[in-house]
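Asker: Can you look at this prediction? I've put the sequence above it.
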Amino acid sequence: MLHNVRKEAIMSYEITGPPLVSPWMMLSMSEARNDIDETKIVIPGHSVCDAPQQFMRGHGTFIRDGEIVSSLSGVVKQLNRLLMVKTIKQRYAGEVGDVVVARVVEVQAKRWKCDVSSRLHANLPLGSVLLPGGDFRRKDVEDEEKMSGFLKNGELICAEVQQVQHDGTLMLHTRNNKYGKLQQGILIKVPPHLIKKSKKHFHTLPYGMAVIIGCNGNVWVTPALPETTLEEDGSHVNEFQTVPQDIRLVMVRVAACIRILRDYSISIFLNSLTTCYEMSQPYDIKELSDQETSSRLAYLIAARLLQELQQQQQK
Amino acid sequence: MEVHISDDEKLFLISGVEQDIRNDGRTCADFRTIVLERGVLSGTNGSCRVQLGQTTDVLAGIKLELESFDPAAEKEAKQPMSFHVDFSANASSQFAGKGGDQYGEEISAAFQVAFSRSLDILPNLSKTLLAEGYRWKINVDLSVLQWAGSVPDACSLAIIGALSDLEIPEVEVAPDDGGKVSIVLKRPRTGGNMRDEEVPVAMWKLDVQSCPMLLTVSKIGSANLVDCSPEEECCIRSQLLIGVAKNLNDDDYDITCIKQHGGGLLEMESIQDMTELASKTAGGLYQAIEKRLKTEEKRKPGHSFLL
């Protein structure tokens, strides 16, 4: 493999001036803008429509002097007679069935509190995790005592959203072998609106590693997808293996690719990730964080993705 | 932003740096990209802003002050610089309230030690001594606007940038009554029809090519790292603040101070390795800074970095 040959380590120190093109300017290339009519973008206080009698006000709007006015900055959406404003950038809201990557922040009685970069911490009830002894085993006091042995503070888990409560709290569950505690890997946080929802969020890439693209904007780069294996006493099998150098280099490159996609507001899904990975091959991993290289690369990737999208639409 | 990181992530990171691969693709001796711009604050005599990897953000400003002192009380000439580091609560929630004060004082004290011999190190710093009992005092104020690890490194780059940007007025010293002196700004006449007050004051600049810098070298696992990210700072076993200054006579690097930050024990041997790494890094940084200071274009007056 190409990555086995590492270039001779040269220490690099680079001092530059402030960038001439800010990543925000590249936002115009993001796919989010494609199907948006520029005239429908509003900021708080903007009037949403000029004929208020014919419409009803929906989310993100309020009535001022008989006029429907936006309370958010985003795009106006119309559903029959209902007008609402949908924000482009916001905290993760959560939908049932979403795959999320969450960090445990608190162990409470009968549940774990998890940070999913939403407005509120999500709940993972003790009853919603896989414990040894089959699905229908009753969770007793003994299990409650062992909770912090099972998942500690600061540990990362992968879970599915089971329910969204009325105040926006998410209820998670890990009742499947593919969910559960995450072990070695790199976590990259991206804004949640960049994640493109798809059927699959677990991907084993052909480069010898895997990624989990959490819908809440946490992307997990890992040597292999988690498979919960439990020992008799309920604790995780924790065998520590050093990740071999070639796989580690691929992981670091994929992580760098995700950062490029994040910095230049390109939506993140399997195709964009592999495209970015393939196109990053001529460069050293170190160069990918370089302003000039990354902006050029991001431009090319966005152009390629847009082209592919248009071809698909023509078919 | 407080950083939480699980044990498995730590293991991955530590075994990574031992293989010389960091999570962002750097090797152990690499710095993140540095952005340096000078002349960012109009209300100062010299200023500089330094960003490390688009996250750690430090602003340095220098104010000059004409100080009178008692020469009899000072056995040895005191170096005229004083440092103050302030952490903005916006940088990280851990600095809210008085959270950053202790760390700030620690860094300023380390800078004070690293610069203690600067009268010998900087070739023309002694020019700040104007007359018996009078000197320019150089007040360096640093503000940490954003925090993402390795603040002292960013601070020392900002200090060098600000010192190179610093303009010190030339003065004329004339003897006055009672053994005192009077100090007047020097305004060289170049002809033309101007009143005396309108002639611009002559300025001189410090030579910073040997200015001391303070570098952090951290031990993670068995590896030594420079310029740690917040995740890496969670895994640090022990950290040294090493002051390095270029020796202009033999093109070598002098260690001006070593201070330990945080806990952890170190063997004598590893301290030696770490200081070696520090002087190597300093070599690269001196070159990079010299290049940047030469090529930087002057910012238009009135344009601040906020724009």
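Answerer: Thanks, I have it.
Asker: Where do the helices of the stretch 1-150 of chain B begin and end?
Answerer: Counting by DSSP state H, counting those that start in this stretch, the stretch 1-150 of chain B has helices at residues B:7-18, B:101-114, B:118-121.
Asker: State the phi and psi torsions of residue 269.
Answerer: Assuming you mean chain A. For residue A:269, the backbone dihedrals (degrees, to the nearest 10) come out as phi -150, psi 180.
Asker: what residues are up against it?
Answerer: By Cβ atoms under 8 Å, 6 or more residues apart in numbering or on different chains, residue A:269 lies in contact with A:195, A:196, A:198, A:213. (Each C-beta comes from the backbone N, C-alpha and C, glycine too.)
Asker: for the stretch 101-250 of chain B, which spans come out with low pLDDT?
Answerer: B:191 (pLDDT under 70).
Asker: Tell me the residues of it that contact chain A?
Answerer: Residues of the stretch 101-250 of chain B found near chain A, taking Cβ under 8 Å from any Cβ of the partner chain as the criterion, are residue B:157.
Asker: Closest residue of the stretch 101-250 of chain B to chain A?
Answerer: residue B:157 (7.7 Å; Cβ to the nearest Cβ).
Asker: What about that residue, how many residues nearby?
Answerer: 27 (other Cβ atoms under 10 Å in any protein chain shown).
Asker: would JSON lines of the contacts of residue A:269 with distance to chain B and secondary structure be doable?
Answerer: As requested, the contacts of residue A:269 are exported to JSON lines (distance: Cβ to the nearest Cβ, whole Å; DSSP: H, G, I helix; E, B strand; the rest coil):
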{"residue": "A:195", "distance to chain B": "21", "secondary structure": "strand"}
{"residue": "A:196", "distance to chain B": "24", "secondary structure": "coil"}
{"residue": "A:198", "distance to chain B": "26", "secondary structure": "coil"}
{"residue": "A:213", "distance to chain B": "18", "secondary structure": "strand"}
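Asker: partners of residue B:141 in the sheet?
Answerer: Residue B:141 has these beta-bridge partners by DSSP bridges: residue B:61, residue B:84.
Asker: for it, what are its contacts?
Answerer: Counted by Cβ under 8 Å, 6+ apart, residue B:141 has contacts B:60, B:61, B:62, B:63, B:84, B:86.
Asker: Filter those down to the buried ones, ChimeraX style.
Answerer: In ChimeraX, a selection of the buried entries from those looks like this (16 or more other Cβ atoms under 10 Å in any protein chain shown):
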select /B:60,61,62,86
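Asker: so residue B:259 sits in a strand?
Answerer: Yes: checked against DSSP: H, G, I helix; E, B strand; the rest coil, residue B:259 lies within a strand.
Asker: if I pick it, what's in contact with it?
Answerer: Residue B:259 neighbours (Cβ under 8 Å, 6+ apart): B:110, B:113, B:240, B:241.
Asker: wait, doesn't residue A:112 sit right on residue A:153?
Answerer: No: with contacts counted by Cβ atoms under 8 Å, residue A:112 stays clear of residue A:153, the gap being 9.1 Å.
Asker: So which of those two has more stuff around it?
Answerer: Comparing residue A:112 with residue A:153 by other Cβ under 10 Å, the one with more neighbours is residue A:112, at 28 against 14.
Asker: Leaving out the residues flanking it, which one is nearest to that one?
Answerer: residue A:124 (4.4 Å; Cβ to Cβ, 6 or more residues apart in numbering or on different chains).
Asker: Compute the number of surrounding residues for that neighbour.
Answerer: 24.
Asker: Quick one: closest of the helices of the stretch 1-150 of chain B to residue A:45.
Answerer: helix B:101-114 (40.5 Å; Cβ to Cβ).
Asker: Quick check: buried residues in that closest one?
Answerer: B:103, B:104, B:106, B:107, B:108, B:110, B:111, B:113, B:114.
Asker: Stretch B:158-177 now?
Answerer: So for stretch B:158-177, counting by 16+ other Cβ under 10 Å, buried means B:158, B:159, B:160, B:161, B:162, B:163, B:164, B:165, B:166, B:168, B:169, B:171.
Asker: For residue 168, give me its contacts.
Answerer: In the absence of a named chain, this looks at chain A. A:93, A:94, A:118, A:119, A:120.
Asker: you looked at the wrong chain, it should be chain B
Answerer: Residue B:168 neighbours (Cβ under 8 Å, 6+ apart): B:45, B:64, B:127, B:128, B:136, B:203, B:204, B:205, B:206.
Asker: who wins for most neighbours among those?
Answerer: That'd be residue B:206 among those, by other Cβ under 10 Å, with 23 neighbours.
Asker: How about the backbone phi and psi for it?
Answerer: phi -80, psi 150.
Asker: what's the nearest residue to it if we skip its chain neighbours?
Answerer: Once flanking residues are discounted, residue B:206 sits nearest to residue B:163: 5.3 Å by Cβ to Cβ, 6+ apart.
Asker: Which helix or strand contains that neighbour?
Answerer: Element membership for residue B:163, per DSSP states H and E: helix B:151-165.
Asker: so what's the nearest residue in space to residue A:208 that is not next to it in sequence scoring on pLDDT?
Answerer: Nearest-residue entry for residue A:208: residue A:247, 5.2 Å, with adjacent residues in sequence omitted and distances by Cβ to Cβ, 6+ apart. Per-residue pLDDT puts residue A:247 at 91.
Asker: Please apply the same query to the one 10 residues further on.
Answerer: Model confidence at residue A:257, expressed as pLDDT, equals 94.
Asker: for residue A:82, same thing?
Answerer: 89.
Asker: And for residue A:240?
Answerer: Reported pLDDT at residue A:240 in the predicted model: 69.
Asker: Low-confidence bits of chain A, can you list those?
Answerer: For chain A, applying pLDDT under 70 flags the ranges A:1-12, A:19-38, A:131-139, A:227-240.
Asker: For it, which residue gets nearest to chain B?
Answerer: residue A:285 (3.4 Å).
Asker: Can the longest helix along chain B be said to contact chain A?
Answerer: The longest helix of chain B (DSSP state H) is helix B:268-295. Yes: with Cβ under 8 Å from any Cβ as the criterion, chain A is reached by helix B:268-295 at B:280, B:281, B:284, B:285, B:287, B:288, B:289, B:291, B:292.
Asker: which of those residues count as buried?
Answerer: Buried by 16+ other Cβ under 10 Å: B:281, B:284, B:285, B:288, B:289, B:292, out of the residues of helix B:268-295 next to chain A.
Asker: Find the nearest non-adjacent residue to the second one, please.
Answerer: Ranked by Cβ to Cβ, 6+ apart and with sequence neighbours excluded, the top spatial neighbour of residue B:284 is residue A:13, at 4.1 Å.
Asker: surely the one you found meets residue B:285?
Answerer: Yes: contact status for residue A:13 versus residue B:285: in contact at 5.4 Å, counting by Cβ under 8 Å.
Asker: Mind listing the shared neighbours of these two?
Answerer: What both residue A:13 and residue B:285 touch, as defined by Cβ under 8 Å, 6+ apart, is the set residue B:31.
Asker: The residue nearest to residue A:112 belongs to a strand?
Answerer: Yes: the assignment for residue A:124 by three-state DSSP puts it in a strand.
Asker: Fine, thanks again, bye for now.
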